[in-house]
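Engineer: Pasted the sequence and its predicted model underneath.
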Amino acid sequence: QLQLVESGGGLVQAGGSLRLSCATSGRTFGSYDMGWFRQAPGKEREFVAAVRLTVFSTYYAESVKGRFTISRDNAKNTVYLQMNSLKPEDTAVYYCAADRSYTGSVYDNTRYDYWGQGTQVTVSS
């Protein structure tokens, strides 16, 4: 069982930055692919970014490419999402997720087995 706890959300003006963290329990963090998803009010949960356990391959939604950076520190059992040049449309609850199946697409939220409780990000215009 893996527990995930997000932090770092908040209120920021458009153009600003935030860094989200997702701390995990257990000693097997390095064996999980990790992803960030977000859900805005009235909308479905959508993929934001993911990082593989091996060779640290990263993936991004087109809407955040060039502005967001996902990274992981296996020694600290933590995955990060650095968000720059934030826009009002980035406003959502952000969730981190973990998967150890090594199958399916990292973009597909149904492949992830473990989820955090979410952290609110609000970008004002």
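Structural biologist: Looks like it came in fine.
Engineer: so who does the most centrally placed residue in the chain touch?
Structural biologist: Centroid-nearest residue in the chain: Trp36, 2.1 Å away (criterion: CA atoms, centre = their mean). Residues near Trp36 by CB atoms under 8 Å, 6 or more residues apart in numbering: 20, 22, 48-50, 70, 79, 81, 94-97. Bear in mind the C-beta positions are built from the backbone N, C-alpha and C, glycine included.
Engineer: Now do stretch 100-116: everything it contacts.
Structural biologist: The contact list for stretch 100-116 (CB under 8 Å, 6+ apart) reads 1-6, 22, 28, 31-33, 35, 37, 45, 47, 50, 52, 59, 61, 95-99.
Engineer: now with 6 Å?
Structural biologist: Here stretch 100-116 makes contact (CB atoms under 6 Å, 6 or more residues apart in numbering) with 2, 4-6, 22, 31-32, 37, 45, 47, 50, 59, 95-99.
Engineer: Just the buried residues of it, please?
Structural biologist: For stretch 100-116, burial by neighbour count (16 or more other CB atoms under 10 Å) applies to 106-107, 109, 111-112, 114-116.
Engineer: what does stretch 72-89 give?
Structural biologist: Residues of stretch 72-89 classed as buried by neighbour count (16+ other CB under 10 Å): 72, 77-81, 83, 86.
Engineer: which one among these gets closest to Gly15?
Structural biologist: Top of the list for closeness to Gly15, among these and by CB to CB, is Leu86 at 6.7 Å.
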